[in-house]
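K.L.:
model the structure of this input:
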Amino acid sequence: VCVNGLWFTSLTLSLTTALIAVLTKQWIHQYMSFSQTGGPRERTQLRQSRADNFEAWNVPVIIGLLPVMMHVALGVFLAGLIIFLHTLSNPIMSAISVMAFIALCAYVASNLLPVFKASCPYITP
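P.N.:
Next up is the predicted model:
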């Protein structure tokens, strides 16, 4: 039951992330579409209004949460996988655990390296 709960949580997070990504892509496409009517002043005002509304409705925050949601989904899935494999085969579980640990170390390093070295390109949210 625990494993299924973890896997369904991971699946739900992944699908929700995909849905929100598609929605934000549509929002950005609408934002980037320029009206050819009116003069430069009206088009500039329209673009500024859209930019202000994007900020007011927290669209950049929503976009920034997408990678975080995927990271959490992956972590939850791997936790469920390790628990599942523990009941089946210890050697396979050990191999998957090592790979998951290496991935976790790489993730933590990519989050910490930019803190200590400003020129590091490995920046994650």
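K.L.:
any low-confidence regions in this structure?
P.N.:
The chain contains residues with pLDDT under 70 at 35, 124-125.
K.L.:
in it, mark out all the helices, start to finish.
P.N.:
Per DSSP state H, the chain carries helices over the ranges 2-32, 40-56, 59-88, 90-116.
K.L.:
out of those helices, nearest to Tyr122?
P.N.:
helix 90-116 (4.2 Å; C-beta to C-beta). The way it works is simple: take the backbone N, C-alpha and C, and place the C-beta from them, glycine included.
K.L.:
which strands and helices sit next to the closest one?
P.N.:
Where contact means 3 or more C-beta pairs under 8 Å, 6 or more residues apart in numbering; DSSP states H and E, helix 90-116 is packed against helix 59-88.
K.L.:
quick one: buried residues of the helix it packs on?
P.N.:
When neighbours are counted by 16 or more other C-beta atoms under 10 Å, the buried residues of helix 59-88 are found to be 59, 63, 66, 69-82, 84-85.
K.L.:
return the list of helices and strands in contact with it.
P.N.:
For helix 59-88, where contacts count as 3+ C-beta pairs under 8 Å, 6+ apart, the packed elements are helix 2-32, helix 90-116.
K.L.:
switch those helices over to a markdown table; also include distance to Asn53.
P.N.:
As requested, the helices and strands packed on helix 59-88 are arranged in a markdown table below (distance: least, C-beta to C-beta, whole Å):
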| stretch | distance to Asn53 |
| --- | --- |
| helix 2-32 | 9 |
| helix 90-116 | 31 |
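K.L.:
using PDB, write out every CA atom in stretch 118-125.
P.N.:
Presented in PDB, the C-alpha positions along stretch 118-125 are these (Å, rounded to 0.1, in the frame of the first residue of the first chain):
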ATOM      1  CA  ALA A 118      29.400  32.400  -8.400                       C
ATOM      2  CA  SER A 119      30.600  31.400 -11.900                       C
ATOM      3  CA  CYS A 120      29.200  27.900 -11.600                       C
ATOM      4  CA  PRO A 121      26.600  27.300 -14.300                       C
ATOM      5  CA  TYR A 122      24.800  24.500 -12.400                       C
ATOM      6  CA  ILE A 123      22.000  26.500 -11.000                       C
ATOM      7  CA  THR A 124      18.800  24.800 -10.100                       C
ATOM      8  CA  PRO A 125      15.600  26.300  -8.500                       C
END
